[in-house]
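> this is the structure alone, sequence omitted:
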């Protein structure tokens, strides 16, 4: 195999020569620049700039023991489900001198495993993952590689990772209790795909818990599982409405599905909430843009992003072995949910 | 400085010993696995899996001359402005065996420069950037490092990069022509921040061109520049409505600003489009979720993402030195825009 030297890539020696200092001084500038005089630093950084020198990853990682890069792997970049929390995560990382690289899996576990390896081999100092349900092999790999890893968007005793999140099950249970307290008894559910998604599974479990506690057989409530896209929420809603006993309230696994359900309701000539109540989960921006506004579970996305960044950096800098934080979600009761007593006689 | 060997990190030798093959065979498996028998490959990959071996970045890059990682740097992950195009970009990359790492700049040029260096030093084979307006130093750096780089979301003769995008100026000009043809003469504009954002600048220029061509002094049209957030669109709308001569149509630099304007209109008791018409740009999902639906410029996000992936991979694999593609945008005339003749007498 021929490995040729790429003359386009400047070396540490080139920088040292250009700046008129030793290579050790260049290295010190790049790794512990506070130990170098401003004058020397300026000289070296000008040479770095002029030559377009980028510290060789391996060498620099060995010298600094860190790459100041954090990887985050999220299920999707679409529909802004994770956008606000991730933006806050990135802002806090940046304040502390770290760069964020993000990768998305389209909710496919095998892609997540691949991206974890890729980020680790690109030298990520730490990883943020969403939720905690994943193959054991992935957890073993992370342990072997000793990569500080934090889970977000979920908080549960089941999690093998330290996590910064909220209790998806308890949050949805509380929302369902509220729906039932408003007199609804015919509940239908449009859930995210439960397999491999602990957040979706726990939310559905929360609804079932609430129904059971109110003496309703949870197996009686129709459930459609579908992936988080507006169009899928619309299709599922239409299907639920074809049942002989129409639900009076449709609880959705997230706001994206709920917005789809609301759109289809309108297209079918049904009024929300007069003909049917619809609820979501997440309180992303969509929730207040639709008419009527969506009743949903508010997730403190920005707070979660900031706390996750703080804790992950503590782990990377070996100030913590990983401490979990549980955040509080809260209900947002808006126009899409209405007490059943107020419902007009249904056609 | 002490550099200690991390015993947790398995080496190529460890894998070779575990699999009972030579290190050259392991290397061949990892880099050109189609030249190795399935039996040997299975043996090696089991050892890789068992030990949690990740090919050392530097060594593997030298061997494969590629890292199969593409970096994309986008202005923001919020509001899903880039989400759909980026998702298509990633899907196509994945089909071709590449992993995507994304980084976002919050529209801050100095952050973009930092992230470009970070992705290049992490070994990205190629970069996708949004638009083409950036510091010369960044272009010089990319040239020196010979990193294949493609611009998207913009197509213009001004671009120093090959680009896959659309003509922001001509698209907005066409929309403004349509608004004027509907009898509107009092146009106000809520624009993105023009400085450092060629897409925002060109869209505003398109409106000015159209006004001028219709004999309207473009300097007469009030323009508020603000960053792309729903709340900022709302504030700007309120301010525009306080002018003595109220605009009959408010043209917004993107859908996010337009949705904010629509929300504030409703809060102010104004009907869209009876009291005021509002238009957007991008045709992201928000546009069809609001009531009434938003008149906007449809951007072929998925097509753009796929084409950008194809071209960037050709550049990385040295099958192309970078060929630009211009995509066609198109108008979506929806309920938020109404001919002025239909307007009731305004209070």
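Yep, it's here. In this text, all values refer to a predicted model and were calculated from it rather than measured experimentally.
> get me the contact residues on the stretch 101-250 of chain A for chain B.
Contact residues, the stretch 101-250 of chain A versus chain B (CB under 8 Å from any CB of the partner chain): A:101-104, A:106, A:111, A:114-115, A:117-123, A:137, A:140-141, A:144-146, A:230. Yep, even glycine has a C-beta here, placed from its N, CA and C like the rest.
> what subset of the residues you listed is buried?
Among those, those scoring as buried are A:101-104, A:111, A:114-115, A:117-123, A:141, A:144-145, A:230 (criterion: 16 or more other CB atoms under 10 Å in any protein chain shown).
> now do the strands in the stretch 201-347 of chain A.
Secondary structure of the stretch 201-347 of chain A by DSSP state E, counting those that start in this stretch: the strands cover A:223-225, A:249-252, A:277-279, A:296-298, A:325-326, A:330-332.
> which parts of chain A are helices?
Under the criterion DSSP state H, helices of chain A are mapped to A:12-19, A:23-31, A:38-51, A:57-64, A:83-95, A:109-121, A:136-145, A:168-181, A:198-213, A:230-241, A:255-267, A:286-289, A:301-316.
> remind me what the second one packs against, helices and strands.
Packing contacts for helix A:23-31, counted by 3 or more CB pairs under 8 Å, 6 or more residues apart in numbering or on different chains; DSSP states H and E, involve helix A:12-19, helix A:38-51, helix A:57-64.
> okay, the helices of chain A in JSON lines with mean pLDDT next?
JSON lines is the format used below for those (pLDDT from 0 to 100):
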{"stretch": "helix A:12-19", "mean pLDDT": "83"}
{"stretch": "helix A:23-31", "mean pLDDT": "73"}
{"stretch": "helix A:38-51", "mean pLDDT": "79"}
{"stretch": "helix A:57-64", "mean pLDDT": "45"}
{"stretch": "helix A:83-95", "mean pLDDT": "92"}
{"stretch": "helix A:109-121", "mean pLDDT": "89"}
{"stretch": "helix A:136-145", "mean pLDDT": "92"}
{"stretch": "helix A:168-181", "mean pLDDT": "98"}
{"stretch": "helix A:198-213", "mean pLDDT": "97"}
{"stretch": "helix A:230-241", "mean pLDDT": "97"}
{"stretch": "helix A:255-267", "mean pLDDT": "97"}
{"stretch": "helix A:286-289", "mean pLDDT": "94"}
{"stretch": "helix A:301-316", "mean pLDDT": "96"}
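> buried deepest among those helices, which one?
Per residue and on average, the most neighbours among the helices of chain A fall to helix A:255-267, with a mean of 25 (mean count of other CB atoms under 10 Å in any protein chain shown).
> contacts for that one?
If you take CB atoms under 8 Å, 6 or more residues apart in numbering or on different chains as the criterion, helix A:255-267 is touched by A:79, A:81, A:190, A:192, A:226, A:228-238, A:250, A:252, A:271-272, A:275-276, A:278-284, A:286-287, A:290, A:294, A:296, A:336, B:288-289.
> try 6 Å this time
Identification of contacts with helix A:255-267 by CB atoms under 6 Å, 6 or more residues apart in numbering or on different chains yields A:79, A:190, A:228, A:230, A:233-234, A:237-238, A:250, A:252, A:272, A:278, A:280, A:282, A:284, A:286-287, A:290, A:294, A:296, B:289.
> quick check: the residue of the stretch 151-300 of chain A nearest chain B.
residue A:291 (4.4 Å; CB to the nearest CB).
> what's the local residue count around that residue?
Residues lying near residue A:291 (other CB atoms under 10 Å in any protein chain shown) number 16.
> that one touches residue B:292, doesn't it?
No: contact criterion CB atoms under 6 Å: residue A:291 and residue B:292 do not qualify, at 9.7 Å.
> check contacts around residue A:152.
A:128, A:164, A:165, A:304, A:308.
> beta partners for it?
residue A:130, residue A:164 (DSSP bridges).
> show me what residue A:251 is bridged to.
Those that pair with residue A:251 in a beta bridge, by DSSP bridges, are residue A:189, residue A:279.
> among the helices of chain A, which is nearest residue B:37?
Set against residue B:37 and scored by CB to CB, the helices of chain A come closest in helix A:109-121, at 23.5 Å.
> which other helices and strands contact that closest one?
For helix A:109-121, the elements it packs on are strand A:69-74, judged by 3 or more CB pairs under 6 Å, 6 or more residues apart in numbering or on different chains; DSSP states H and E.
> given the strand it packs on, what are its sheet partners and their directions?
Paired with strand A:69-74 in the same sheet, following DSSP bridges, are strand A:99-104 (parallel), strand A:126-130 (parallel).
> who touches the nearest residue to residue A:158 once chain neighbours are set aside in this structure?
In space, and not counting its chain neighbours, residue A:158 is closest to residue A:132: 6.6 Å by CB to CB, 6 or more residues apart in numbering or on different chains. Contact analysis of residue A:132 by CB under 6 Å, 6+ apart lists A:151, A:154, A:159, A:161, A:198.
> what's near enough to touch the fourth one?
So that's residue A:161. Per CB under 6 Å, 6+ apart, neighbours of residue A:161: A:132, A:149, A:151.
> could you dump those residues into TSV and include pLDDT?
Below are those laid out as TSV (pLDDT from 0 to 100):
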residue	pLDDT
A:132	93
A:149	97
A:151	97
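> and the residue nearest the centre of chain A?
residue A:82 (4.4 Å; CA atoms, centre = their mean).
> against residue A:89, how distant is it?
For residue A:82, the distance to residue A:89 equals 9 Å [CB to CB, to the nearest Å].
> now swap in residue A:11 and tell me
Look at residue A:11 and residue A:89: by CB to CB, they are 35 Å apart.
> pull the distance from stretch A:237-247 to the chain's centre.
In terms of CA atoms, centre = their mean, to the nearest Å, the centre of stretch A:237-247 is found 32 Å from the chain centre.
> how many neighbours does residue A:330 have?
If you count neighbours by other CB under 10 Å, residue A:330 ends up with 12.
> in the sheet, who's paired with it?
Applying DSSP bridges to residue A:330 gives these bridge partners: residue A:298.
> surely it touches residue A:299?
No: under the criterion of CB under 6 Å, residue A:330 makes no contact with residue A:299, lying 8.9 Å away.
> so for these two, which residues contact both of them?
Residues touching both residue A:330 and residue A:299 (CB under 6 Å, 6+ apart): none.
> just give the nearest non-adjacent residue to residue A:150, would you?
Per CB to CB, 6+ apart, closest to residue A:150 is residue A:312, 4.7 Å.
> equivalent analysis for residue A:29, please.
Using CB to CB, 6+ apart and skipping residues adjacent in sequence, the residue nearest residue A:29 is residue A:44, 4.3 Å away.
> residue contacts, that neighbour?
Residue A:44 is in contact with A:19, A:26, A:29, counting by CB under 6 Å, 6+ apart.
> quick one: the residue sitting furthest away from the middle of chain A from residue A:37, how far?
Distance from the C-alpha centroid of chain A peaks at residue A:20, with 47.6 Å (CA atoms, centre = their mean). Going from residue A:20 to residue A:37 by CB to CB gives 14 Å.
> wait, doesn't residue A:92 sit right on residue A:304?
No: using CB under 6 Å as the test, residue A:92 is too far from residue A:304 to be in contact (11.0 Å).
> so what's in contact with these two at the same time?
Residues touching both residue A:92 and residue A:304 (CB under 6 Å, 6+ apart): there are none.
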